[in-house]
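Asker: Need a 3D model of the following:
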Amino acid sequence: MDVEKLDFHLLESRTKDVTSFREKVARSSKAYGDPLSEINDLCGLRVIAYYQD
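Answerer: Model (predicted):
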């Protein structure tokens with residue numbers, strides 16, 4: 001994808017803070033061997049793009 005040619009409306013990002021990460025690990029019924037590599041929502045990106053009808 002050529003990002004320079006992408007016409008987008010909105011770009012949002014977020015990262016999970018340390019407190020939220022600890023709480024997620026603590027409340028999970030899954031026993032994580034290595035939470036940093038096993039939890040896959042540590043960051044997120046949302047791109048809202050225009051499209052032609």
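
Asker: I'd assumed residue 7 was in contact with residue 50.
Answerer: Yes: between residue 50 and residue 7 there is a contact at 5.2 Å, judged by CB atoms under 8 Å. Using the backbone N, CA and C atoms, a C-beta is placed for each residue, glycine as well.

Asker: In the protein, what residue spans correspond to helices?
Answerer: Assignment of helices within the chain using DSSP state H yields the ranges 18-27, 35-38.

Asker: In CSV: those helices, plus mean pLDDT and distance to residue 45.
Answerer: Rendered in CSV, the data for these read as follows (pLDDT from 0 to 100; distance: least, CB to CB, whole Å):
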stretch, mean pLDDT, distance to residue 45
helix 18-27, 92, 17
helix 35-38, 89, 19
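
Asker: CSV please, covering those helices and showing mean neighbour count.
Answerer: What follows is the helices of the chain, written out as CSV (neighbours: other CB atoms under 10 Å):
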stretch, mean neighbour count
helix 18-27, 11
helix 35-38, 11
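
Asker: just so I know, which of these lies nearest residue 44?
Answerer: When the helices of the chain are compared by CB to CB, helix 18-27 sits nearest residue 44, at 12.2 Å.

Asker: and that closest one, how far from the chain's centre?
Answerer: 15 Å (CA atoms, centre = their mean, to the nearest Å).

Asker: ok, and the closest non-adjacent residue to residue 46?
Answerer: Nearest residue to residue 46 in three dimensions, chain neighbours excluded: residue 12, at 4.5 Å (CB to CB, 6 or more residues apart in numbering).

Asker: Equivalent analysis for residue 43, please.
Answerer: Using CB to CB, 6+ apart and skipping residues adjacent in sequence, the residue nearest residue 43 is residue 15, 4.7 Å away.
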